[in-house]
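Chemist: predicted model, plus sequence, below.
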Amino acid sequence: IRHFLGVEGLSCRQLESIIDKAMGYFDAKGRLINTDELAGCTVMNLFFENSTRTRTTFEAAQKRLGANVLNLDIARSSTNKGETLRDTLWNLQAMSADMFVVRHSASGAAHFMATQVTPNVAIINAGDGWHAHPTQAMLDMLTIYREANKPFHQLSVAIIGDIKHSRVARSDIAALQTLGVADLRVIAPKTLLPKGIERYGVRVFEDIDKGLAGVDVIIGLRIQNERIGSPLLPSTSEYFKMYGITESRVRLANPSALIMHPGPMNRGVEIASAVADGPQSVILKQVNNGIAVRMAVMAMALAGQKASRANLTN
Ligand code: CP
């Protein structure tokens, strides 16, 4: 890979190689290691949208790889004086950046930036609008790989909640399909489902109890209020009653089912605290796996940059 913009279009082998590479960043005791794969490399983190997990785990990953890390403070940047995304990018590139990690509320922002940088600069998508969150998808895949007691081709996975506005849902569905998951379900009211979702090879359930029956992995999603013009829900308590992931509903799934959530969670809206903090939850393991996956993606992008430069000079 040279840029990492999405998981769509990547092969099963490529996704497996990201998982393999990420696994290599854990020692025998499961602790993250440090390497020098990005030594001498300058990485700039451009978060035009809020983030806790993605931004911090990217920075942790960059430091573990030995990179020089710069975080642009968007709130105090000249973006507020009307400077365009392209001008911001070109000016930062002139400061000898080798890689940009970008989160933006506009779908397609990372793809646009990849068309604007010089060939020796990599763009990593840290989430763009409703469109894609590829490193979240890969940390979810790594978590399933490490924690589930079956391979992908034997797993039944259910994604519950605001599928329509969720970039995580889109990227998870693409990654799970590419890795050959046996059964992929989405569970949501019609108002939170994109039209034509069935064409992505998922089974659609409006009834959460039917949708959870026998699944091995439950991925909860937040209602993306910031991407919805006006509130779609009658009330959060009504939503929790109909679609909340509760202990009694988890009992409908496989007894060893994993409980996952990309965060941030709205407890008592899409998930009960007893489930989020319960014995089947791997939500905080997802966060830790995010560091390894982001190390893998950035190291592979840098290697891809070097390989393409070598091809150009040969
Ligand atoms: N999962 C996720 O993207 O969380 P943040 O918005 O906190 O980065």
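Modeler: Received the coordinates, thanks. Note that the coordinates shown come from a computational prediction; the quantities given were computed from them, not determined experimentally.
Chemist: so which bits of the biggest helix by length in the chain are buried?
Modeler: Ranked by residue count and defined by DSSP state H, the top helix of the chain is helix 283-313. Residues of helix 283-313 classed as buried by neighbour count (16 or more other C-beta atoms under 10 Å): 283, 285-302, 305. (Each C-beta comes from the backbone N, C-alpha and C, glycine too.)
Chemist: packing partners for that helix?
Modeler: Packing partners of helix 283-313 (3 or more C-beta pairs under 8 Å, 6 or more residues apart in numbering; DSSP states H and E): helix 12-23, helix 53-64, strand 99-104, strand 122-128, helix 134-147, strand 258-260.
Chemist: quick check: angle from that helix to helix 134-147?
Modeler: Per axes from the mean of the first three to the mean of the last three C-alpha atoms, to 10 degrees, the angle that helix 283-313 makes with helix 134-147 is 120 degrees.
Chemist: what angle sits between helix 283-313 and helix 12-23?
Modeler: Interaxial angle, helix 283-313 versus helix 12-23 (the same axes, to 10 degrees): 110 degrees.
Chemist: so who does the closest residue to Asp183 other than its chain neighbours touch?
Modeler: Distances taken as C-beta to C-beta, 6 or more residues apart in numbering put Ser156 closest to Asp183, at 3.9 Å, once the chain neighbours are dropped. The contact partners of Ser156, by C-beta atoms under 8 Å, 6 or more residues apart in numbering, come to 181-185, 214-217, 254.
Chemist: now the buried members of those residues.
Modeler: Neighbour-count burial (16+ other C-beta under 10 Å) is assigned, among the contacts of Ser156, to 181, 184-185, 215-217, 254.
Chemist: those residues: which ones sit near the ligand?
Modeler: Filtering those for proximity to the ligand by C-beta under 6 Å from any ligand atom leaves nothing.
Chemist: farthest-separated two in these?
Modeler: Leu184 and Asn254 (15.0 Å; C-beta to C-beta).
Chemist: residue of the stretch 151-300 of the chain nearest the ligand, please.
Modeler: At 3.8 Å from the ligand, Pro262 is the closest residue in the stretch 151-300 of the chain, using C-beta to the nearest ligand atom.
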